[in-house]
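Visitor: no sequence for this one, just the structure:
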């Protein structure tokens with residue numbers, strides 16, 4: 001079974017153009033250090049989420065992608081405007097000046113520092129895929145501590161009330177391959193993790209919490225890219241929808 005990865009694309013306002021109702025032109029491509037650096041030279045399924053931390057707006061786009069002269073061309077299959085739940089409000093901390101990644105470190109498990117990074121995260125991104133359904137990317141947010149690195153090979157998080165479409169969990173029911181992306185908003189570093197996830201629909205950990213169920217993720221490979229994002233972000237306010245962490 002092929003590994004799944006979540007990559008990251010960022011740019012100035014206008015780097016994504018919409019020539020018609022079924023197509024996007026993205027003026028950026030995955031960096032040489034991104035786990036998707038060699039992807040989409042042939043037409044293939046892609047799951048995307050576009051998120052603006054300054055407005056707490058997001059849109060989910062699934063379809064097919066191929067490289068173009070300027071970046072990527074996306075033909076859409078599904079387009080969903082998701083609500084702002086669990087999105088933390090952030091503002092630019094400095095101008096989006098040109099910066100380049102300074103290297104990637106590959107590992108089979110999480111280091112103690114990477115575990116601390118995850119344990120303090122208030123946001124991450126989740127990638128799933130299933131035959132006949134294509135790829136999907138989604139956003140997960142909460143107060144720090146809502147997602148936990150139990151060890152170097154085990155991550156767990158609660159599933160809060162969402163849009164009720166079960167696109168991510170539906171894919172995991174059919175195919176447990178899964179990918180996670182964590183951003184260090186202030187430094188621009190990115191942490192990409194691939195592995196397999198299991199949904200426990202009757203998990204006792206959910207009793208007395210705001211979670212409906214928990215997901216356990218087995219880490220298989222990790223890529224940390226330093227200075228990956230050109231923009232830097234400062235937290236203004238966490239989402240009022242974030243449940244307490246206990």
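Guide: Done, it's in. Model, not experiment: these values are computed from the prediction.

Visitor: in its sheet, what does the lengthiest strand in the chain sit against?
Guide: Longest strand of the chain, by residue count under DSSP state E: strand 213-225. Sheet partners assigned to strand 213-225 using DSSP bridges are listed as strand 104-107 (antiparallel), strand 154-159 (antiparallel), strand 190-200 (antiparallel).

Visitor: Could you point out which of the ones you listed sits nearest residue 54?
Guide: Across those, residue 54 has its closest neighbour in strand 190-200 (19.4 Å, C-beta to C-beta). Every residue, glycine included, has its C-beta placed from N, CA and C.

Visitor: roughly how far out does the closest one sit from the chain middle?
Guide: Centroid separation for strand 190-200 versus its chain: 10 Å, with C-alpha atoms, centre = their mean, to the nearest Å.

Visitor: quick one: buried residues of that strand?
Guide: With burial defined by 16 or more other C-beta atoms under 10 Å, the residues of strand 190-200 counted as buried are 190, 191, 192, 193, 194, 195, 196, 197, 199.

Visitor: Based on its surroundings, how many neighbours for the nearest residue to residue 148 once chain neighbours are set aside?
Guide: Spatially, and ignoring its direct neighbours in sequence, residue 148 is nearest to residue 156 (5.4 Å; C-beta to C-beta, 6 or more residues apart in numbering). Neighbours of residue 156 under the rule other C-beta atoms under 10 Å: 17.

Visitor: before we move on, what about residue 6?
Guide: Close neighbours of residue 6, defined as other C-beta under 10 Å, add up to 27.

Visitor: got the contact list for it?
Guide: Contacts for residue 6 (C-beta atoms under 8 Å, 6 or more residues apart in numbering) come out as 35, 125, 126, 127, 137, 179, 180, 181, 192.

Visitor: Wait, the fifth one touches residue 124, no?
Guide: No: under the contact definition of C-beta atoms under 8 Å, residue 137 does not touch residue 124, with a separation of 11.2 Å.

Visitor: what is in contact with those two at once?
Guide: In contact with both residue 137 and residue 124: no residue, using C-beta under 8 Å, 6+ apart.

Visitor: returning to that earlier point: out of the contacts of residue 6, which are inside strands?
Guide: Secondary structure from DSSP E places 125, 126, 127, 137, 179, 180, 181, 192 of these in strands.

Visitor: Show me which of those is closest to residue 169.
Guide: residue 126 (9.9 Å).

Visitor: any idea of the pLDDT on that closest one?
Guide: Per-residue confidence for residue 126 comes out at a pLDDT of 97.

Visitor: residues contacting it?
Guide: Listed by C-beta under 8 Å, 6+ apart, the contact set of residue 126 reads 6, 137, 138, 139, 140, 168, 178, 179, 180.
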